[in-house]
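*Asks:* Kindly return the folded structure for what I paste below:
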Amino acid sequence: MEAIQKAIREEFQKKHEFVKTMEEFSKMKTNEERVKFVLSLPVVQQHIHLEDYDNGKNSEESCHLRTEGNQYFIKKNYSKSLKLYTASVLKAPVTNMYCFDKMETKTETKDLELANAYANRSAAMFHLKDYAACLWNAELAFRFGYPTENHYKLHDRQGKCHRQLQDFIKAKQSFQSALKSLEFSTLDEKKRQNLCKDMQRLIEEVKIEGRNLDLENHMDEEQRQVVNHFHSDLPQIDKSSQNSVFLSASSTVSLRESTEMGRGLMASTDIKVGDIVAVEKSYASVNLPEREQEYCSHCSKRINAPVPCQQCSDVAFCSLQCQEEAWTEYHRIECKIIRHVQNMKSKLGHLAFRMVLKAGFPFLFKERSNFCKDDVSESIGYNGDGCYDSENYHALYTLVNHGDKRTPEDLFNKAVQTVYLLGCLELTTFFKDCQKGQEMDAKCYIGSHILRQIQMLPCNAHEISEILWKPGDPTVTNSIEIGSGAYALLSLINHSCDPSVVRHNYGNICVVRAIKPIKKGEEILDNYGALYPLTIREERRAKLRPQYFFDCNCDACQLELPLYFDIPDDVPVFKCKDCSGPIFISQDKDLAEAECSSCHEKKDLNQTVMKLQESTNGYHVALEQVLAGVEMQAALVVLLKHLEFLTVHISLPWRDINNCQEAIKQCFATQANSYILP
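*Replies:* Presented below is the predicted three-dimensional model:
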């Protein structure tokens, strides 16, 4: 995209028309006018060339990849064979797709290359001891027409998986199916008879094992079916604690507005360290192009056994449910043009595009009169029931986009990007419901939505990430970006260089937890990527200003809190329980007569100091557990209690507060999107 924008600018400059064009463009006051203006420029049309392309599905390539995978499989390099079998799955043509994650009976299709690829991938999964994934892939092979004469192989493999997963009833059923399927095999009689005896033996063995099952170590059904799962169970807000207005938030959250900060969220009751403040699914999300084969294109979960799109080979999904949801919401349009969209190399441009696709042409035109201009009053973005719903496009449309602060050239470049995306849409059926003679109006109107979101997302989109870690070796811990998501509720949380909450992703669902106590009436504050222990105030402000259009004046900036290695860690400064003022102590002062420097009241700190030492001892043990990657949940309980104590009794800055917060973040991070390095 930058190359196109640069070429257009140079063309104007070559003709000495750049200044004049920017002056004319700056007269455009609405996004529709801006899009229409750029659409009318011949030089823009000359530099945007979009054509249909091949979707990448190819039977021969799929077969070749599977054959290559077989060679590695024979050599027992199951990881390499798995990658090749997966590539074969993604390349295989598909005539139909069904979602049968719950294993309902469905009509089978005959997509032989896909069925064979699934069957081979199930074999690799079995040897890699991913039994749930092996079962799932075997079932997919059946559904897509795996040859009847080979069914016994899959039934046998499924039986062995069920046996490993301690589901001896299903194991027996699978071995019985394998025995029955041998009737249709093309094996010679001797081999068939030998396999029949093996199946009968296995049936008897699992009968005995089922009777002797140790119920205490028995896996439940949910554990057995986990596939493509690289995080703990998603935390939930208890129904009794759900917010009646902000549907993704807990009842501890309410709205606050100020002239200086605009809209924000505040605590409507005291919030403890570790409490869940919000659990929000993105309205839409996109992966970085280089992550598309590793993470689900719809929910951003890591995948080791992806499901393909039925039409293209450019995306992958963690399940057929995600495949179907993506197709229904946006991918049916995006599918044939996704390479053009990705070629922009603009994740936020792609996200803006996907948001508009999800909203859809019929909805956007039906609601045309209801979309306000730049109103950001307290009630804006709420649905008809007075709720702020993260799945409601209006909530995202009304987020601040700072269009009034952007330069004409910046807006022009974003309008060029919009016109490029409109060109992509013209290769699809997106405008099929447009009335004849209204084509230009429709393009400008849809373009205005894309342009608005392209302006909004740089200051409101949130990164979707994953932690890569190795228990016992914290030096290799690293957080990687998967993509970006549009979150209506999270976008209402303002910034602080010393935030009160922390975010973690479970797929593209974001869980927000308190990282310090938040008192009733205090604002809930997130961090936009500039933490005070890591960079000085001037650098933080310089980083935030061009993207978010404000100079940070949070408490950390006002107090000019020091960088991490300058934060004291020898003698703490205690906090007065009456006025929160600092209480300084030293060896030559009586702890029973410690004086607050603000209110000058005398305080007896003997019990507080004793409790601090006791809490710190437990904290050091918990910190070692976190660094070693063992007993993380037990360590988390200790860390949360210690941080609660520190924030009540110790004044900032104090290094143990920062260290304890980071240890808590690590515990939460390993529960969310995480991958343990080999």
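*Asks:* what's around the closest residue in space to residue 52 that isn't next to it in sequence, how many residues?
*Replies:* If you skip the residues right next to it in sequence, residue 52 has residue 427 as its closest partner in space, 6.2 Å away by Cβ to Cβ, 6 or more residues apart in numbering. C-beta coordinates here come from the backbone N, C-alpha and C atoms, glycine included. Burial measure for residue 427: 15 neighbouring residues, criterion other Cβ atoms under 10 Å.
*Asks:* Pretty sure residue 427 sits in a strand.
*Replies:* No. Residue assignment for residue 427, taken from DSSP: H, G, I helix; E, B strand; the rest coil, gives coil, which places it outside any strand.
*Asks:* Please state the backbone phi and psi of it?
*Replies:* Per-residue torsions, residue 427: phi -90, psi 0 (degrees, to the nearest 10).
*Asks:* Distance of it relative to residue 349?
*Replies:* Applying Cβ to Cβ, to the nearest Å, one obtains 17 Å for the distance of residue 427 from residue 349.
*Asks:* Quick check: residue 350 touching residue 341?
*Replies:* Yes. Under the criterion of Cβ atoms under 8 Å, residue 350 is in contact with residue 341, at a separation of 5.3 Å.
*Asks:* And those two? Which one has more around it.
*Replies:* residue 350 (24 against 19).
*Asks:* And what about that one, helix, strand or coil?
*Replies:* helix.
*Asks:* again with residue 285
*Replies:* strand.
*Asks:* In this structure it contacts residue 351, no?
*Replies:* Yes. Between residue 285 and residue 351 a contact is recorded at 7.1 Å, counting by Cβ under 8 Å.
*Asks:* if I read this right, residue 482 contacts residue 287, doesn't it?
*Replies:* Yes. Contact status for residue 482 versus residue 287: in contact at 5.8 Å, counting by Cβ under 8 Å.
*Asks:* joint contacts of those two?
*Replies:* Taking Cβ atoms under 8 Å, 6 or more residues apart in numbering as the criterion, residue 482 and residue 287 both touch 295, 300, 464.
*Asks:* joint contacts of residue 285 and residue 351?
*Replies:* 484-486.
*Asks:* of all the residues you listed, which comes closest to residue 209?
*Replies:* The shortest gap between residue 209 and any of the shared contacts of residue 285 and residue 351 belongs to residue 485, at 45.5 Å (Cβ to Cβ).
*Asks:* That closest one - how many residues pack around it?
*Replies:* 25.
*Asks:* Skipping its backbone neighbours, what lies nearest it in space?
*Replies:* Spatial nearest neighbour of residue 485, chain neighbours left out: residue 282 (3.2 Å); criterion: Cβ to Cβ, 6+ apart.
*Asks:* and that neighbour, what does it touch?
*Replies:* For residue 282, the contacting residues are 390, 462, 464, 485-487, 508-510, taking Cβ under 8 Å, 6+ apart as the criterion.
*Asks:* now with 7 Å?
*Replies:* If you count contacts by Cβ atoms under 7 Å, 6 or more residues apart in numbering, residue 282 has them with 485-487, 508.
*Asks:* So what does it look like in phi/psi?
*Replies:* Summarising the backbone geometry of residue 282 under the convention degrees, to the nearest 10, its torsions are phi -60, psi 140.
*Asks:* one step back: so for residue 285 and residue 351, which residue has more residues nearby?
*Replies:* Ranked by neighbour count (other Cβ under 10 Å), residue 285 and residue 351 place residue 285 first, with 29 against 23.
*Asks:* could you list every residue that touches the residue lying closest to that one once chain neighbours are set aside?
*Replies:* Among residues not flanking residue 285 along the chain, residue 485 sits closest, at 3.7 Å (Cβ to Cβ, 6+ apart). Under the criterion of Cβ under 7 Å, 6+ apart, the contact list for residue 485 reads 282, 285, 461-462, 464, 508.
*Asks:* Look at residue 161 and say how many residues are nearby.
*Replies:* Per other Cβ under 10 Å, the neighbour tally for residue 161 reads 26.
*Asks:* make that residue 42, sorry
*Replies:* By other Cβ under 10 Å, the residues close to residue 42 number 8.
*Asks:* So in terms of bridging, what pairs with the residue nearest to residue 285?
*Replies:* With DSSP bridges applied, residue 485 shows beta-bridge pairing to residue 285, residue 462.
*Asks:* Compute the first-to-last residue distance for stretch 329-337.
*Replies:* End-to-end distance for stretch 329-337: 15 Å, by Cα to Cα, to the nearest Å.
*Asks:* brain fart, stretch 493-510
*Replies:* Criterion Cα to Cα; first-to-last residue distance in stretch 493-510 is 13 Å.
*Asks:* List the contacts of residue 299.
*Replies:* Taking Cβ under 7 Å, 6+ apart as the definition of contact, the neighbours of residue 299 are 318, 322, 507-508.
*Asks:* Go ahead and confirm the residue nearest to residue 52 touches residue 50.
*Replies:* Yes. Contact between residue 427 and residue 50 holds when scored by Cβ atoms under 7 Å: they sit 6.2 Å apart.
*Asks:* what about stretch 563-572, start to end distance?
*Replies:* In stretch 563-572, first residue to last residue: 17 Å (Cα to Cα).
*Asks:* Give the buried residues for it.
*Replies:* Burial within stretch 563-572, assessed by neighbour count using 16 or more other Cβ atoms under 10 Å, is assigned to 567, 572.
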